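In: Would you be able to build a 3D model of this:
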Amino acid sequence: SNYNIEKNAYKVAINFYASGDYVVSKGGAAEEFELSGSTYTSKSGSGSTLTKSGTLFTYTTADGTVALFDAAINSIAPMEANEAVITEVTGPGGRKIFYDYDIQAVSGGDEVYLKSVRNNLGYQLKFENQESEVWAINNYFEYCDPTGTCSPSAVPYKHLRAHEAPEQLVCRLLLVKNKC
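Out: The predicted structure is shown next:
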């Protein structure tokens, strides 16, 4: 599935609307689910499923991609995820992407900032200063705590291509051969 990831990550979230629908947003696409009792039913008939156990939502697409969303983490800003934020995606081939957050309590709710995006191959994008700086790290050579501070030798990543948006950078560095 196509998981475009912005540094604010608000496009990969679950939101609940007054209509009673739960909407899983991923990239520029969204899928609506209706809750009846304890069963979430896709309104699109795409073959995707949505389940919830405790605070954890599991969204599974028809191709076998599994995305986990944590309802214990929701945000008034800047992520616009009133129900849950994404914490992990596992592709059909086993490649995993993990999302780590910085949560700041403010009046009216929490502000949630993406702290890092990393994969099970050891690559990581680390966001600092409320996402204004980004580091690209190969944890095989130099470990960087996903929610802590990087070592002084980690260098900010400045090789954005002129036409490249932040979510394309994430895709290029973490997903390498997968299409985003």
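
In: And residue 62, how far from residue 33?
Out: Distance from residue 62 to residue 33, counting by C-beta to C-beta, to the nearest Å: 14 Å. C-beta: built from backbone N, CA, C; applies to glycine.

In: ugh, wrong one, I meant residue 67
Out: 13 Å.

In: Can you pull the residues that touch both of these two?
Out: residue 24 (C-beta atoms under 8 Å, 6 or more residues apart in numbering).

In: what about residue 62 and residue 33, which has more around it?
Out: More crowded of residue 62 and residue 33, by other C-beta atoms under 10 Å: residue 33, with 23 against 11.

In: Who are the contact partners of the residue sitting nearest the centre point of the chain?
Out: For the chain, the residue nearest the mean C-alpha position is residue 86 (4.3 Å; C-alpha atoms, centre = their mean). By C-beta under 8 Å, 6+ apart, residue 86 lies in contact with 9, 12-13, 67-69, 99.

In: run the last query once more with 6 Å
Out: For residue 86, the contact set (C-beta atoms under 6 Å, 6 or more residues apart in numbering) comprises 12, 67, 69, 99.

In: same question, residue 140
Out: residue 122.

In: On the pLDDT front, check it for me.
Out: Model confidence at residue 140, expressed as pLDDT, equals 81.

In: Would you double-check that it falls in a helix?
Out: No: counting by DSSP: H, G, I helix; E, B strand; the rest coil, residue 140 falls outside a helix, being coil.

In: distance of it from residue 35?
Out: With C-beta to C-beta as the criterion, residue 140 and residue 35 are 43 Å apart.

In: ok, residue 45 - contacts?
Out: If you count contacts by C-beta under 6 Å, 6+ apart, then residue 45 has nothing around it.

In: and it, that's in a helix?
Out: No: secondary structure assignment (three-state DSSP) places residue 45 in coil, not in a helix.

In: Please tell me how far it sits from residue 26.
Out: The gap separating residue 45 from residue 26 is 17 Å, by C-beta to C-beta.

In: Ok, residue 41 next?
Out: Going from residue 41 to residue 26 by C-beta to C-beta gives 18 Å.

In: Who has more neighbours out of those two?
Out: Each of residue 41 and residue 26 has its neighbours counted (other C-beta under 10 Å); residue 26 has more, 21 against 12.

In: Having no further points to raise, I will conclude here.
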